[in-house]
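Asks: What shape does this take:
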Amino acid sequence: MSDDAGAPHSGLLPDHFRQAVKPGTVLLRLETTRSREGALDGAWWPRSRNIGAELPGLVGALTEHLGPVASVGLDTDAWDEVPARIVVDGRSVRIDRYPVGDDTVIVTRGDRDHFSLLVVPPQAGREAALTAMARAVRAGGTDSARQILLETGIGSEPTTGLP
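Replies: Numbering: from 1, shown residues only. The predicted structure is shown next:
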């Protein structure tokens with residue numbers, strides 16, 4: 001990766017980006033510590049439940065920061081029509097299906113390198129979504145995705161997918 005124009009490659013979106021963000025672009029925050037000791041490694045705020053439309057942007061953004069993505073595990077009950085694979089920038093990415101309802105996606109690069117991302121529901125309000133995303137990337141955080149969503153007012157009682 002080059003360091004064009006002095007742009008930091010920290011994995012976090014710049015603070016000014018948080019001010020203008022809205023559903024409609026890939027909104028992703030990643031924990032910046034190498035230790036990855038928290039319950040979550042980041043957060044993603046998709047704009048819809050159409051995984052075919054949303055996942056290519058996520059995979060593209062993650063590939064830019066983390067390298068090639070091999071697979072994405074998600075709760076099929078939370079999304080509309082989940083394919084077995086998607087192709088992003090000429091690379092095939094397997095979609096692993098889990099009916100767990102845990103408000104996360106698991107991104108795998110390589111054999112055993114997994115990243116757990118909180119999924120903020122598409123209909124979440126801006127302030128609550130940004131607060132939830134900030135909590136998900138807190139170094140060493142122990143809160144589960146469900147707990148973060150509940151405490152930020154986004155979630156409700158446990159469900160089998162995104163509300």
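Asks: Please count neighbours and contacts with C-alpha atoms only from this point.
Replies: OK.
Asks: quick one: the strands in this structure?
Replies: 28-30, 42-44, 71-74, 85-88, 91-97, 104-109, 113-119 (DSSP state E).
Asks: pull the CA atoms of the last one into PDB?
Replies: What follows is strand 113-119, C-alpha atoms only, in PDB (Å, rounded to 0.1, in the frame of the first residue of the first chain):
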ATOM      1  CA  ASP A 113      -7.800 -15.300  10.000                       C
ATOM      2  CA  HIS A 114     -11.300 -14.200  10.900                       C
ATOM      3  CA  PHE A 115     -12.800 -10.700  11.500                       C
ATOM      4  CA  SER A 116     -16.100 -10.300  13.400                       C
ATOM      5  CA  LEU A 117     -18.000  -7.200  12.400                       C
ATOM      6  CA  LEU A 118     -21.100  -5.800  14.100                       C
ATOM      7  CA  VAL A 119     -23.900  -5.200  11.500                       C
END
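Asks: Report pLDDT for the residue nearest to the spatial centre of the chain.
Replies: The residue lying closest to the centre of the chain (CA atoms, centre = their mean) is W44, at 2.9 Å. Per-residue confidence (pLDDT) for W44: 91.
Asks: Show me the beta-bridge partners of it.
Replies: As for beta bridges, W44 partners with L28, V119 under DSSP bridges.
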